[in-house]
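**Student:** Sequence unavailable; structure follows:
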Ligand SMILES: C[S@@+](CC[C@H](N)C(=O)[O-])C[C@H]1O[C@@H](n2cnc3c(N)ncnc32)[C@H](O)[C@@H]1O
């Protein structure tokens, strides 16, 4: 077995145990213990969601980037802010439930402020109508943040601000994705936001489950608050 396969086999085992953790508290404990190795492991997975989301925001955002206020929800170690920084954004607030992941985000030096919050259990400690961009990557999926969180994301954005979200489209996330799609459309019907772009991406990240092969697919959503 080659060294590369060894590494991928290790990451597969790690990702499978993330999905095995039942309660959101278990999941956060898992992220606490994974934090130090998270970035190197997701690189092996060819995890492109932070870059895809950042480029989606960048292709539509026409304001003053350096000053634009960006709320990075479920920020983890800071991969999304790192990508947005390369594209000219410079003013980030991060939120995550994991103390371990937040510590790595703090060490990145990218965030003006970081807050520990359990999504779905407590409201966002954020003033309404404040952010030019709100982004959530890698946390809208089964066992992570509940779908209802998208209403809080919308509230946090300024009128005219963007909300960018990602989810996985593979089999074990189908039911969650169905509910997410329905809620996003319902909010559009209620006049809360308008859909700017939905991009389905085939090679989202490398597959890790037994019944999957190659790459799983995923989606990037961009909405504009009304
Ligand atoms: C896959 S990581 C994504 C991190 C980062 N956005 C990225 O793309 O690299 C998922 C993150 O969501 C956080 N998370 C999962 N469920 C959460 C919840 N219910 N409340 C707060 N944070 C949560 C985890 O702590 C972890 O940092």
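**Tutor:** Perfect, I can see it now. These figures come from a predicted structure and were not determined experimentally. Numbering: from 1, shown residues only.
**Student:** Can you pull out the low-pLDDT segments for this structure?
**Tutor:** Across the chain, the ranges flagged by pLDDT under 70 are 1-6, 21.
**Student:** Select the longest helix from it.
**Tutor:** In the chain, with assignment by DSSP state H, the single longest helix is helix 24-44.
**Student:** Please see if it touches the ligand.
**Tutor:** Yes: interface with the ligand: helix 24-44 contributes 24, 27-28, 31 (Cβ under 6 Å from any ligand atom). Heads up, the C-betas are built off the backbone N, CA and C, glycines and all.
**Student:** As CSV, those with neighbour count and distance to residue 112 would be great.
**Tutor:** Converted to CSV, these look like this (neighbours: other Cβ atoms under 10 Å; distance: Cβ to Cβ, whole Å):
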residue, neighbour count, distance to residue 112
24, 17, 27
27, 19, 27
28, 19, 23
31, 23, 22
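**Student:** Tell me if residue 210 really is in a helix.
**Tutor:** No: under the criterion used here (DSSP: H, G, I helix; E, B strand; the rest coil), residue 210 is coil, not part of a helix.
**Student:** residues in contact with the longest helix of the chain?
**Tutor:** Residues outside helix 24-44 that contact it (Cβ atoms under 8 Å, 6 or more residues apart in numbering): 7-8, 10-11, 14-15, 17-18, 21, 76-77, 79, 97-101, 103-104, 118, 120-121, 143-144, 205-206.
**Student:** what's near enough to touch the spatially most central residue of the chain?
**Tutor:** In the chain, the residue lying closest to the centroid (Cα atoms, centre = their mean) is residue 137, at 1.2 Å. By Cβ under 8 Å, 6+ apart, the contact list for residue 137 reads 49-50, 53, 74, 79-80, 164-166.
**Student:** Turn those residues into JSON lines, columns for secondary structure, neighbour count and distance to the ligand.
**Tutor:** Shown next, in JSON lines, are the contacts of residue 137 (DSSP: H, G, I helix; E, B strand; the rest coil; neighbours: other Cβ atoms under 10 Å; distance: Cβ to the nearest ligand atom, whole Å):
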{"residue": "49", "secondary structure": "helix", "neighbour count": "22", "distance to the ligand": "6"}
{"residue": "50", "secondary structure": "helix", "neighbour count": "22", "distance to the ligand": "5"}
{"residue": "53", "secondary structure": "helix", "neighbour count": "26", "distance to the ligand": "8"}
{"residue": "74", "secondary structure": "coil", "neighbour count": "23", "distance to the ligand": "3"}
{"residue": "79", "secondary structure": "helix", "neighbour count": "26", "distance to the ligand": "4"}
{"residue": "80", "secondary structure": "helix", "neighbour count": "30", "distance to the ligand": "5"}
{"residue": "164", "secondary structure": "strand", "neighbour count": "26", "distance to the ligand": "11"}
{"residue": "165", "secondary structure": "strand", "neighbour count": "25", "distance to the ligand": "11"}
{"residue": "166", "secondary structure": "strand", "neighbour count": "24", "distance to the ligand": "8"}
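**Student:** Understood, closing this out.
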